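> dropping the sequence and predicted coords here.
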Amino acid sequence: MSTIEKVNCLIIGSGPAGYTAAIYAARAGLKPLLYTGMQPGGQLTITTEVENYPGYPKGVQGPEMMEDFKAQAERFGTDIRFGYVSKVDFTGPVHKVWVDETTEIHANTVIISTGASAKWLGLESEQKFNGFGVSACAVCDGFFFKGKDVAIVGAGDTAAEEATYLAKLCTKVYMIVRRSEMRASKAMQERVLNTPNIEILWDSETKEIVGDDKGVNGAIITNHKTGADRKIDVHGFFVAIGHTPNTQIFKNWITMDDQGYIQAIPGTSKTNIKGVFAVGDAQDKVYRQAVTAAGSGCMGALDAERYLAEMGIH
Ligand code: NDP
């Protein structure tokens, strides 16, 4: 038998978007309940140094920053609980959400901030060096490889954009493309092809990432047309083969694009369901930064507050 609990504002997810929504909702008196999901703190808890979040002039470790976000949300009374939302029913004006199969929440407003997860190649060495030279975010970690050689895997818009970003900082960028063409838009491809310090390794796959106790120092790349292996000497290894938004459970309810990103009404956090809002990476495949996620979390809380006021719910 599950217990039923009624709340004004339920926040699902505990990255920068979820915690920022919680800070605003709690200060507005909505008494938010936040479920963290299986990875409390979200993607930032698996990064190391964060140098581009405003307000931390000396930088901060990702996990520590998320503890700060959490403490700030708690300070204003957010009820933060560890738990995984497994099912929702958005039929009525009251939104039903099930947590860990044991708790049923009836919420007047729901803020979805479930984020996205980076896709990885699946190599053991990639896991081993994650945070020690291997990264899924060039904008976050490219700076640490200033003046060094790096590699990036992928051939979509993200990989193309990140390769040109890295090329400004690094001496040389190897772009590892598994086919003989790129998926990225023509304009982005041209930018890559016109950047002299990007070398594209076509028809290529990563066999292994190599390194020592100081981190990554190379990668073995196989050209699957010729079968030849080649070692490239790189200190940074970026994986940009796409992300998966964590939106599966909302599929039959919320309007999404073909990749599962929630389609919020432009300029707002509103979804197709009244009283349900989407913020952070679950609805953003382009910017994906902690600061943009936090900004959209704020929008979610303000939209929820206005919705409750319009509905006359206190
Ligand atoms: P995409 O899914 O578009 O591209 C993923 C790329 O990674 C593809 O080139 C794919 O190769 C490659 N890939 C996938 N798996 C592997 C693997 N195991 N090994 C090697 N390569 C692999 O993801 P993006 O993140 O690039 O983009 C997501 C969406 O966001 C797109 O719609 C994109 O247009 C959009 N976007 C827009 C931007 C903008 O407008 N400025 C910026 C960034 C993203 P293959 O081509 O062979 O399948």
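Arrived safely, thanks for sending.

> tell me which parts of the stretch 51-200 of the chain are close to the ligand?
Taking Cβ under 6 Å from any ligand atom as the contact definition, the stretch 51-200 of the chain meets the ligand at 121, 153, 154, 155, 156, 157, 158, 159, 161, 178, 179, 183. C-betas here are computed from N, CA, C, even on glycine.

> make it 5 Å
Residues of the stretch 51-200 of the chain lying near the ligand by Cβ under 5 Å from any ligand atom: 154, 155, 156, 157, 158, 178, 179, 183.

> could you dump the residues you listed into a markdown table and include secondary structure and pLDDT?
A markdown table is the format used below for these (DSSP: H, G, I helix; E, B strand; the rest coil; pLDDT from 0 to 100):
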| residue | secondary structure | pLDDT |
| --- | --- | --- |
| 154 | coil | 98 |
| 155 | coil | 98 |
| 156 | coil | 95 |
| 157 | helix | 92 |
| 158 | helix | 90 |
| 178 | coil | 98 |
| 179 | coil | 98 |
| 183 | coil | 96 |
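
> quick one: which of the residues you listed is nearest to the ligand?
Among these, residue 156 lies closest to the ligand (Cβ to the nearest ligand atom), at 2.4 Å.

> confirm for me that the closest one is in contact with residue 185.
No. Under the criterion of Cβ atoms under 8 Å, residue 156 makes no contact with residue 185, lying 9.1 Å away.

> about what we covered before: selecting buried members of the residues of the stretch 51-200 of the chain next to the ligand in PyMOL, what would you type?
Buried residues within those, by 16 or more other Cβ atoms under 10 Å, are selected in PyMOL with:
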select buried, resi 154+155+156+157+158
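
> give me every residue that touches residue 265.
Counting by Cβ atoms under 8 Å, 6 or more residues apart in numbering, residue 265 touches residue 271.

> contacting residues for the residue lying closest to residue 81 once chain neighbours are set aside?
Once flanking residues are discounted, residue 81 sits nearest to residue 35: 5.7 Å by Cβ to Cβ, 6 or more residues apart in numbering. By Cβ under 8 Å, 6+ apart, the contact set of residue 35 is 10, 11, 12, 13, 14, 81, 82, 83, 84, 85, 99.

> the second one: which element?
With the criterion set as DSSP states H and E, the secondary-structure element containing residue 11 is strand 3-12.

> fine by me, thanks again.
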